[in-house]
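Asker: I'll drop the sequence and a predicted model, then ask my questions.
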Amino acid sequence: MKTILTFFLLSILSFTILAQERKLPGTEEEFKAEILKLRQDVDDIQHNLDKTRQRFKLGVGLAALGYTVTIAGGLMLGGDNADAGEALLYTGGAIGLTGTLLLVDSFKFLRGASGLESYRRRDNQKALTRHFY
């Protein structure tokens, strides 16, 4: 019984190892080209992630500043400077909205980093090809 169980486990293990086997490039030049392609992909991903980080930090900073100005303007509405408070409300709201839009827009670079195109772009391309052909 132990031999049958051992044979069964070894056969399952060998099938899983064979299933995970990848086809490697045949020649040294193909192997070097594959490494260079992977290196370029990693560089592109790092570049897109850096752009995302920069835009995200700018968006968070602008949104925080804008909504702080909005709160300050709201606090001024009940006092002697009601006109200045109203101006601060609108100005802070515009700055906060701009920061929020930058923050949300920063995620488009993550899609570029993943190598996937957006669903909208893919659907638009399908619609164009159906329309013209």
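Answerer: On my side now, so go ahead.
Asker: and the residue nearest to the spatial centre of the chain, how far from residue 53?
Answerer: By CA atoms, centre = their mean, the chain has its centre lying nearest to residue 110, at 2.0 Å. Distance, residue 110 to residue 53, using CB to CB, to the nearest Å: 10 Å. Heads up, the C-betas are built off the backbone N, CA and C, glycines and all.
Asker: wait, the residue nearest to the centre of the chain sits on residue 50?
Answerer: No - judged on CB atoms under 8 Å, residue 110 makes no contact with residue 50 at a distance of 11.5 Å.
Asker: roughly how far apart are residue 32 and residue 39?
Answerer: In terms of CB to CB, residue 32 sits 10 Å off from residue 39.
Asker: helices along this protein, start to end?
Answerer: 2-19, 28-76, 82-105, 108-114, 119-132 (DSSP state H).
Asker: export the ones you listed to CSV and tack on mean pLDDT?
Answerer: Below are those laid out as CSV (pLDDT from 0 to 100):
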stretch, mean pLDDT
helix 2-19, 69
helix 28-76, 91
helix 82-105, 93
helix 108-114, 70
helix 119-132, 54
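Asker: can you give the distance of stretch 84-98 from its chain's centre?
Answerer: 29 Å (CA atoms, centre = their mean, to the nearest Å).
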